[in-house]
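Undergrad: Kindly return the folded structure for what I paste below:
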Amino acid sequence: MEKILNSQNLVSVTADSVQLQGNLALPANAQGIVLFAHGSGSSRFSPRNRYVAEVLQQAGFATLLLDLLTPEEETIDLRTRHLRFDIALLAKRLVGATDWLAQSTTKLPIGYFGASTGSAAALLAATKRPNVVKAIVSRSGRPDLAGSVLSCVQAPTLLIVGGDDFPVIGMNQDAFAQLHTEKQLKIVPGASHLFEEPGTLEEVARLASQWFQRYLTFSDNSSDYVG
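TA: Model (predicted):
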């Protein structure tokens, strides 16, 4: 865990008996850390998630962009496309990474930023560590794939969807109704699924930053952390 003390590092995280590669950025005086759960066909190199991570870093949050599949699994998934929808597997990897962070010397409050199927994995993982995960943000997510555990999520949850992303809007509205925690659903006008329109991804980053500033602070039961 020595590497976590540096400002930014390539890290290897043991989770679910495999080694996962990630990029950890730790600004000075960080007030929390956001773990990114990438979606189908994406990775820690996603330009959209890297942009959001940079904005969060500027707002005083550490970030960990983590591949939830190994390189070998990524190769298989490119052919079969089935691992990206294995929400239980992705959530197990996310829980392992969460435990790795919680045992670090930083003791920072932990939040999740999920995209696509990574959002479902984040919601499921949060139910496995309800005293550790303090806030969740989903962008263009498939929270509906979390299924019956949605009613068990305790972390305040923000769902962000593009205003032109019609199939996903309905999926998020259905999932939103099943959440029984502090929650918001934000629909960004003029945005498609990938938030490629000018100014829309900036709005995602702004909303995420506000959500984490509200819920991801040391004052929020930091004694719950293990390690």
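Undergrad: so what does whichever strand or helix holds residue 24 touch, helix or strand wise?
TA: For residue 24, the element it lies in under DSSP states H and E is strand 18-25. Where contact means 3 or more C-beta pairs under 8 Å, 6 or more residues apart in numbering; DSSP states H and E, strand 18-25 is packed against strand 8-15, strand 62-66, helix 87-102. In short, each C-beta sits where N, CA and C put it, glycine included.
Undergrad: Show me how far the next helix or strand after that strand is from its chain's centre.
TA: Following strand 18-25 in sequence order, the next helix or strand is strand 33-37 (DSSP H and E). The chain centroid and the centroid of strand 33-37 are separated by 5 Å under C-alpha atoms, centre = their mean, to the nearest Å.
Undergrad: residue contacts, the closest residue to residue 101 other than its chain neighbours?
TA: With C-beta to C-beta, 6 or more residues apart in numbering as the criterion, residue 101 has its nearest non-adjacent residue at 5.8 Å, and that residue is residue 110. With contacts defined as C-beta atoms under 8 Å, 6 or more residues apart in numbering, residue 110 is in contact with 32, 33, 34, 35, 98, 101, 102, 132, 133, 134, 216.
Undergrad: Reformat these as CSV; add pLDDT and distance to residue 181.
TA: Converted to CSV, the contacts of residue 110 look like this (pLDDT from 0 to 100; distance: C-beta to C-beta, whole Å):
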residue, pLDDT, distance to residue 181
32, 95, 18
33, 96, 20
34, 97, 18
35, 97, 18
98, 96, 18
101, 92, 21
102, 90, 20
132, 95, 15
133, 97, 11
134, 97, 11
216, 93, 15
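Undergrad: where along the protein do the helices fall?
TA: Taking DSSP state H as the criterion, the chain contains helices spanning 47-58, 71-80, 87-102, 117-128, 166-178, 200-215.
Undergrad: Comparing these by mean pLDDT, which bottoms out?
TA: If these are sorted by mean pLDDT, helix 71-80 sits at the bottom with a mean of 78.
Undergrad: Residue 208: neighbour count?
TA: 26 (other C-beta atoms under 10 Å).
Undergrad: now do residue 174
TA: Neighbourhood size, residue 174 [other C-beta under 10 Å]: 12.
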